[in-house]
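Trainee: the following block contains a protein sequence and its predicted model.
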Amino acid sequence: MATRSPSSEADGGVNDPGAAPYGNFMNYYTFNPPENRLSLIPSTLLQDLGHSGGLQTTLLLDVGCNSGDLSVALYKHLVPAPASGDESAESRVHLLGFDLDETLVQRAQQNNPLPGNISFIPLDITEGGERLREYLDRHGASRFHLCLCLAVTMWVHLNHGDSGLLRLLSRLASVSQHLLLEAQPWKCYRSAARRLRKLGRSDFDHFKTLKVRGDVAEHAREHLERNCGMELVQSFGSTAWDRQLLLFRRR
């Protein structure tokens, strides 16, 4: 993520990870399809977290949604299809996805099969969370019941430094009851920097000065538990890309 809204198309974004220094890959889900995560996430997750439907509105947030493929697949994975003539269960679960890349958000909006329950907006989380608060207020809620932050932390970290990473975690914790986090391991940082240099571009501004290194997921856990009032409650294992899916909840 960045403090501006770079277009993946304008940036020449293709499948080469080095071509998208903010993580806004044009065809991301062709090389990391939604099933890579969904196979680890139980379809009963919302019920397991105490959201059983009925009259309760359940709010989901997908941070860095890209073209929305995972957002839609996750919604269908977690929300049972209503019986014929009964839309009560589905209609009370709403998902908001956002990304800083307006081109990708437009694609997500155009391909959205459930516009009544899923919405996509362009948003840079590093610039403030006012629009998230507005969304919560509109639904009469103080927090999202479940926030997903999958493979986003590294891009904020590389472009905004250690303080940017910690601010991201704090901001998401402040608007979430549960947070499902997938932090890229340090080897991904080295690969991203190497690919950027290979393309003849300037290195990430903060890569050489980062002090949060090594086990980034563990650093994130420590910050969330020490400073954000959250606790790690479950690990769903690691993806095919060797990234842990960690579930936190507000104490």
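Mentor: Sure thing, it's come through.
Trainee: what's the burial count for Leu199?
Mentor: Using other CB atoms under 10 Å, Leu199 has 12 neighbouring residues. For every residue, glycine as well, the C-beta is placed using N, CA and C.
Trainee: for Thr153, same thing?
Mentor: Thr153: 27 surrounding residues under other CB under 10 Å.
Trainee: list the contacts for it?
Mentor: Leu165, Leu168, Leu169, Leu181, Ala183, Gln184, Val216, Ala220 (CB atoms under 8 Å, 6 or more residues apart in numbering).
Trainee: any idea which element the nearest residue to Phe144 once chain neighbours are set aside lies in?
Mentor: Excluding its sequence neighbours, the residue lying closest to Phe144 (CB to CB, 6 or more residues apart in numbering) is Leu61, at 4.3 Å. Element membership for Leu61, per DSSP states H and E: strand 58-63.
Trainee: gap between that strand and the chain center?
Mentor: With CA atoms, centre = their mean, to the nearest Å as the basis, strand 58-63 stands 9 Å off its chain's centre.
Trainee: tell me the helices and strands packed up against it.
Mentor: Under the contact definition 3 or more CB pairs under 8 Å, 6 or more residues apart in numbering; DSSP states H and E, strand 58-63 sits against helix 69-78, strand 93-99, helix 130-138, strand 146-150.
Trainee: which neighbours does that strand have in its sheet, and in what orientation?
Mentor: The pairing partners recorded for strand 58-63 under DSSP bridges are strand 93-99 (parallel), strand 146-150 (parallel).
Trainee: what angle do it and helix 130-138 make?
Mentor: Strand 58-63 and helix 130-138 are oriented at 170 degrees to each other (axes from the mean of the first three to the mean of the last three CA atoms, to 10 degrees).
Trainee: pLDDT averaged over strand 58-63, what's the number?
Mentor: The average pLDDT within strand 58-63 is 98.
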